[in-house]
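**Student:** fold the stuff below for me.
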Amino acid sequence: MSNVMQKQNEREAHLRVLADLLEFTVEKTGDRFTLTRTADVAPPVCEERLTIDQAEELLGTWKLRGGG
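**Tutor:** Residues are numbered from 1 along each chain as shown. Below is the predicted model:
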């Protein structure tokens, strides 16, 4: 496995751990992600077709504001 692919896999694994901690589900289609959160929000939060950078930014924002 190339170093770039390994780094991408590590980023995705970290993204999934953080998403789980913040009660988001993660779906991956190709190289895009859909994040959905139904816990303690109305209506549900659903962001689709995010790059890994965008998904990390969204979860970082939720973490900073205590959304978990």
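
**Student:** now the strands for this structure?
**Tutor:** Using DSSP state E, the strands found in the chain span residues 25-29, 32-37, 45-50.

**Student:** indicate which one of those is closest to residue 17.
**Tutor:** The minimum distance between residue 17 and these falls on strand 25-29, with 10.0 Å, by C-beta to C-beta. All C-beta spots, glycine's among them, are computed from the backbone N, C-alpha and C.

**Student:** can you name every helix or strand that the closest one contacts?
**Tutor:** Judged by 3 or more C-beta pairs under 8 Å, 6 or more residues apart in numbering; DSSP states H and E, strand 25-29 is in contact with helix 3-21, strand 32-37.

**Student:** can you list contacts of the last one?
**Tutor:** The set of residues that contact strand 32-37 without belonging to it, under C-beta atoms under 8 Å, 6 or more residues apart in numbering, is 15, 19, 22-28, 44-52, 54-55, 58-59, 62, 67.

**Student:** that strand - which strands sit beside it in the sheet, and in what orientation?
**Tutor:** Sheet pairing for strand 32-37, assigned by DSSP bridges, gives strand 25-29 (antiparallel), strand 45-50 (antiparallel).

**Student:** columns distance to residue 8 and mean neighbour count on top of the ones you listed, output as a markdown table?
**Tutor:** Shown next, in a markdown table, are the strands paired with strand 32-37 (distance: least, C-beta to C-beta, whole Å; neighbours: other C-beta atoms under 10 Å):
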| stretch | distance to residue 8 | mean neighbour count |
| --- | --- | --- |
| strand 25-29 | 12 | 12 |
| strand 45-50 | 15 | 14 |
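
**Student:** ok, residue 64 - contacts?
**Tutor:** Counted by C-beta under 8 Å, 6+ apart, residue 64 has zero contacts.

**Student:** how close does it get to residue 11?
**Tutor:** As judged by C-beta to C-beta, to the nearest Å, residue 64 and residue 11 stand 19 Å apart.

**Student:** also residue 25?
**Tutor:** Using C-beta to C-beta, we find residue 25 at a distance of 18 Å from residue 11.
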